[in-house]
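# any chance you could fold what I've pasted below:
(2 chains)
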Amino acid sequence: MKLEILNEIIKKKSSSQNFALLTNLTNGNSEIFEFGKLLSIDFENYKKQIENYHSLKKNGVIDGTQIFIQNFTKPIEVIIVGAVHIAQYLVDLFKNLNFVITIVDPRKFFITYERFPNVKIINDWPEEIFKKLETDSNNALITLTHDPKIDDPALKHALKNKFFYIGALGSKKTHTKRCQRLKESGFTEEEIASIHGPIGIKLGGKSGPEIALSIVSQLVLESNKLLLNSKK
Amino acid sequence: MEKQIKRTILEQGRDWFKSDRKVILARVIQTWGSSPCPVGSNMIVNDKGEFFGSVSGGCVEANVIEECLDLLKNNNSFKQLEFKVSDDNAWNVGLACGGEIKIYIEKINS
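Numbering: from 1, shown residues only, chains lettered A, B, ... in the order given. Got it, this is the predicted structure:
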């Protein structure tokens, strides 16, 4: 493989793009594939199959050929509302997984670079932030403040924009009240039920790192379900 | 606070190349049965036998590194390797899980 292809993969990965690496196993030639891109003579005859594998995010040697396709998929963008201590553990746990994280909090003293040295942080109200951020079903939302003023606008935005995962921290009691408020705002039972609340899978732990682990586990579980469904 | 850098397998390969090492990329291209690493898993190897990443969770790495060094020695640019549990040297490098994998190794060229 040429160094320039290796460099291109590194660059595209860091800018979170969807693409694939194609390799002709008979002559060793490789090239980058993206939808709409013209293919060289090594691959052009297999364009349909390549597109098919790419849209299914399927890696492997394409049936009946000697073409290997490896897909690089855009990571899921997770928005965490609340720069609280659980958010710090979340950042640690997400580090080795394919997620991009943004932390938002209107409270200045929580959201500092000292507390969150290697993550994108935004010090503003979720309502204001979501006016500027582009979001879709590739996003996940985790709310951690359990303060309705901060969490609710984020939850409403995530429901309206069909985030694939929405989780809200808070006790059963807090969550029941939250559901009631969302109902009064006009969300359907089904929409409200799609919120994971209380957030996380049951691990039985109460400490910050354990809660963070249960949240990350749930998000990984849901994202893998999403991937499986897209392959069906 | 010191900035943490999460260096990926490919970035490691690029950095070795920059410091004049010969570099080989190994990728899992096919699997049958229960293989520990999915298709697309990769590992980067240099001419000193140093490696980063994984193609099997430890079962065949040593053999893959040897093959990579042979590839350099013979001045070839790519090769396909197959590992089955029924290999003669199963006790040394076979997949204890009973799976089979095909690995593609290739040299990084300027």
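
# and stretch A:198-217, what's buried?
Neighbour-count burial for stretch A:198-217, counted by 16 or more other C-beta atoms under 10 Å in any protein chain shown, picks out A:198-200, A:211-216. (Glycine included, C-beta is placed from N, CA and C.)

# what lies in contact with that stretch?
Stretch A:198-217 is contacted from outside by A:85-86, A:88-90, A:92-94, A:97, A:142, A:167-172, A:174-175, A:218, A:221, using C-beta atoms under 8 Å, 6 or more residues apart in numbering or on different chains.

# list only those of those residues flagged as buried.
Neighbour-count burial (16+ other C-beta under 10 Å) applied to the contacts of stretch A:198-217 gives A:86, A:88-90, A:93-94, A:142, A:167-170, A:174-175, A:218.

# nearest to chain B, of those residues?
Closest approach to chain B among the buried ones among the contacts of stretch A:198-217 (C-beta to the nearest C-beta): A:Phe94, at 10.9 Å.

# pLDDT of the top helix by length along chain A, averaged?
Secondary structure assigned by DSSP state H gives helix A:208-231 as the longest helix of chain A. Helix A:208-231 shows a mean pLDDT of 89 in the predicted model.

# what would that helix look like as PDB? C-alpha coordinates only.
Coordinates of each C-alpha in helix A:208-231 appear next as PDB, following Å, rounded to 0.1, in the frame of the first residue of the first chain:
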ATOM      1  CA  GLY A 208     -19.400   7.600  39.900                       C
ATOM      2  CA  PRO A 209     -17.200   5.300  37.800                       C
ATOM      3  CA  GLU A 210     -19.700   2.500  38.100                       C
ATOM      4  CA  ILE A 211     -22.600   4.700  37.000                       C
ATOM      5  CA  ALA A 212     -20.400   5.900  34.100                       C
ATOM      6  CA  LEU A 213     -19.700   2.300  33.100                       C
ATOM      7  CA  SER A 214     -23.300   1.400  33.100                       C
ATOM      8  CA  ILE A 215     -24.100   4.400  30.900                       C
ATOM      9  CA  VAL A 216     -21.300   3.500  28.400                       C
ATOM     10  CA  SER A 217     -22.400  -0.100  28.400                       C
ATOM     11  CA  GLN A 218     -26.000   0.800  27.500                       C
ATOM     12  CA  LEU A 219     -24.800   3.200  24.700                       C
ATOM     13  CA  VAL A 220     -22.500   0.500  23.200                       C
ATOM     14  CA  LEU A 221     -25.400  -2.000  23.400                       C
ATOM     15  CA  GLU A 222     -27.800   0.300  21.600                       C
ATOM     16  CA  SER A 223     -25.200   1.300  19.000                       C
ATOM     17  CA  ASN A 224     -24.500  -2.300  18.200                       C
ATOM     18  CA  LYS A 225     -28.200  -3.000  17.900                       C
ATOM     19  CA  LEU A 226     -28.400  -0.200  15.400                       C
ATOM     20  CA  LEU A 227     -25.600  -1.700  13.400                       C
ATOM     21  CA  LEU A 228     -27.200  -5.100  13.400                       C
ATOM     22  CA  ASN A 229     -30.500  -3.700  12.300                       C
ATOM     23  CA  SER A 230     -28.900  -1.900   9.400                       C
ATOM     24  CA  LYS A 231     -27.400  -5.200   8.200                       C
END
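
# tell me the centre residue of the chain?
Going with chain A. Nearest to the geometric centre of chain A sits A:Ile76, at 1.8 Å (C-alpha atoms, centre = their mean).

# oops, wrong one, chain B.
B:Ala26 (3.6 Å).

# fine by me, thanks again.
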